[in-house]
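K.L.:
any chance you could fold what I've pasted below:
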Amino acid sequence: MLIIVCYDVNTESKEGRRRLRRVAKICESTGQRVQKSVFECQVTLAEYEELERRLLAEINLTQDCLRLYRMPSTRGAEVKEYGHFRATDFEGPLVL
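P.N.:
Below you'll find the model as predicted:
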């Protein structure tokens, strides 16, 4: 399934800046960054649940915001892109 992870971490304190780095590293290990605090991740249900658990362990629920969107795999889900960005085709062949 395709999920979108969006977060906003309060960086007014040193601890907040550390939280931001840890949240970004977790997201980078799972998906691709499409904007500064937005990631697209192609995951299984188990990977989704693990990602959610790891992110919730890092953020401060009183200061930060985390949003996880599960995109429907049915026809009608659409992404429009404008500007400079090269997305990874998760369904295409892997070339190293």
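
K.L.:
only C-alpha atoms for contact and neighbour calcs from this point on.
P.N.:
Noted.

K.L.:
what residues does stretch 43-62 touch?
P.N.:
Under the contact criterion CA atoms under 8 Å, 6 or more residues apart in numbering, stretch 43-62 has outside partners M1, L2, I3, V9, R19, R22, V23, I26, C27, T30, C65, L66.

K.L.:
ok so C41 is a helix residue?
P.N.:
No: assessed with DSSP: H, G, I helix; E, B strand; the rest coil, C41 is strand; it does not lie in a helix.

K.L.:
which of the contacts of stretch 43-62 fall within helices?
P.N.:
R19, R22, V23, I26, C27 (DSSP state H).

K.L.:
now a PyMOL select for only the buried ones of those.
P.N.:
Remark: buried members of the ones in helices among the contacts of stretch 43-62, expressed as a PyMOL selection using 16 or more other CA atoms under 10 Å:
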select buried, resi 19+22+23+27
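
K.L.:
now pLDDT and distance to I59 too, for the ones in helices among the contacts of stretch 43-62, in TSV please.
P.N.:
TSV is the format used below for the ones in helices among the contacts of stretch 43-62 (pLDDT from 0 to 100; distance: CA to CA, whole Å):
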residue	pLDDT	distance to I59
R19	96	7
R22	97	9
V23	97	7
I26	97	11
C27	96	13
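
K.L.:
hey, what's M71 bridged with?
P.N.:
L2 (DSSP bridges).

K.L.:
what number of residues lie near it?
P.N.:
M71 has 12 neighbours, counted by other CA atoms under 10 Å.

K.L.:
so what's it up against?
P.N.:
Neighbouring residues of M71 by CA under 8 Å, 6+ apart: M1, L2, I3, I4, A77.

K.L.:
can I get the residues you listed in CSV including neighbour count, pLDDT and distance to E52?
P.N.:
Converted to CSV, the contacts of M71 look like this (neighbours: other CA atoms under 10 Å; pLDDT from 0 to 100; distance: CA to CA, whole Å):
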residue, neighbour count, pLDDT, distance to E52
M1, 13, 88, 14
L2, 17, 89, 14
I3, 18, 93, 11
I4, 18, 93, 11
A77, 8, 62, 22
